[in-house]
Each structure stands twice: as structure tokens, then as C-alpha cells.
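Participant: Sequence first, predicted coordinates after that:
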Amino acid sequence: MADLLTTHQQLLARFRDSMNLIGPGDMSLHYEDADLSLHWLEPEGHWADLGTGAGFPGIPFAARFPQVELDLVDSREKRCIFLEKVLAEAELGDRAPIRVLRTRVESLPSAAYDGLVARAFTPPPKLLKHARRLLVPGGTLVLLLQDDAPIPAAGDFSTFHVEPYAVQGKGRRSVGLRFQP
């Protein structure tokens, strides 16, 4: 058995096409994007990756922050089956729990998370609506955005961090928002 990130990389390479997990191209770019977007973060508690798909950025998040409990949330069965296989084959040791939840975000319990991360899940205004319900007061929302995408403005969220970065020459931003109801 191998560690979480290695197991994910091996299984993604094996099943990416047959399960339509990610598009064509260099799959290492997905890992680079997750790494560059999360390196500044210092999460604690219970987090969720909304619309995790093939596990981005959730699996790299879990590998980087083993002290954090994480829910990988996706409504598509085949992607959840893939992620469950990754978790079953990875050597997780005594790290905080990682769960795969095959459900819609609307079914998640209210005020259940200290933090949320989302990449290409839903437009930011809709994501903020979900985050208001899912986050505890003072919770963190991390948005992964294209460089030219506007940072959403909402009175009950304050921007506390903006991390610009580039993947293959394309500008991106990781934005940290604090929920303050």
C-alpha cells in the first residue's frame, strides 16, 4: 500500500479515461493547481470539498493537512466509487477521517463545517448561499478562481487572503473568505 497522494495518482492514471474522471492532458497540472492554491492555508476542524469530482482539490488537501477531518462531496456515483477505492487502497495511518459523501450539497447538514473548499463547483454567488448554511460562524470558504473572475462580495463574508498563482502560464487565484453572520 502507498500513501494517499501516490495511491490517488496511480488510480487516476489507471481509471481517468474509462471513468471519465478528468479531461485529456497532463494530469500533474491538477495536482500543481491544488498545491499552489492551498499552500497558504492553515485549516483546522472539519472541512468539505464541494463537488470534488476526481478528488481535486480534496485529495491533495487531505494529503497536505492530515490533522483535518475532510468530507469529499459529489453527487455522481462513479466519482464517489473511484474516491472510495483510493481511500481503501491508501495507507491512511492515524490521520483524521476522510469520508466520501455521495449526495447533493443541499442535503448536507447545516453549520457542520469549519471550512469549505471548491473548484469549479458552482458560480460564486450560488456557492456563497450554500456556504452560509454549511459553515459555522467564523468558518472559512476557499474559492479557486480563474485570474479574471471577480471575487464575490457579500456583507457576511470578508476576504482575508488572495493568493495569485499560475498553472501552465494561466493566471489563477485562491481566495479565502471568512463567514461572519
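Facilitator: Received the coordinates, thanks. Numbers count the residues shown, from 1 in each chain.
Participant: C-alpha only now, for contacts and for neighbours.
Facilitator: Will do.
Participant: Around Gly176, how many other residues sit close by?
Facilitator: Around Gly176 there are 24 other residues, counting by other CA atoms under 10 Å.
Participant: quick one: it is in a strand?
Facilitator: Yes: under DSSP: H, G, I helix; E, B strand; the rest coil, Gly176 falls within a strand.
Participant: Wait, it touches Phe160, no?
Facilitator: Yes: Gly176 lies in contact with Phe160 (CA atoms under 8 Å); the separation is 5.7 Å.
Participant: how about stretch 44-60 as PDB, C-alpha atoms only?
Facilitator: This file holds the C-alpha atoms of stretch 44-60, laid out as PDB (Å, rounded to 0.1, in the frame of the first residue of the first chain):
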ATOM      1  CA  GLU A  44      -8.400  23.100  11.500                       C
ATOM      2  CA  GLY A  45     -11.500  21.100  12.300                       C
ATOM      3  CA  HIS A  46     -13.900  19.600   9.800                       C
ATOM      4  CA  TRP A  47     -13.800  20.600   6.200                       C
ATOM      5  CA  ALA A  48     -15.600  19.700   2.900                       C
ATOM      6  CA  ASP A  49     -14.500  19.700  -0.700                       C
ATOM      7  CA  LEU A  50     -17.700  20.600  -2.500                       C
ATOM      8  CA  GLY A  51     -18.100  19.000  -6.000                       C
ATOM      9  CA  THR A  52     -14.800  17.100  -5.500                       C
ATOM     10  CA  GLY A  53     -15.100  15.200  -8.800                       C
ATOM     11  CA  ALA A  54     -12.000  13.100  -9.200                       C
ATOM     12  CA  GLY A  55     -10.700  14.500  -5.800                       C
ATOM     13  CA  PHE A  56      -9.500  17.900  -6.700                       C
ATOM     14  CA  PRO A  57      -8.600  19.700  -4.600                       C
ATOM     15  CA  GLY A  58      -9.800  17.400  -1.800                       C
ATOM     16  CA  ILE A  59      -7.200  14.600  -2.100                       C
ATOM     17  CA  PRO A  60      -4.200  17.000  -2.200                       C
END
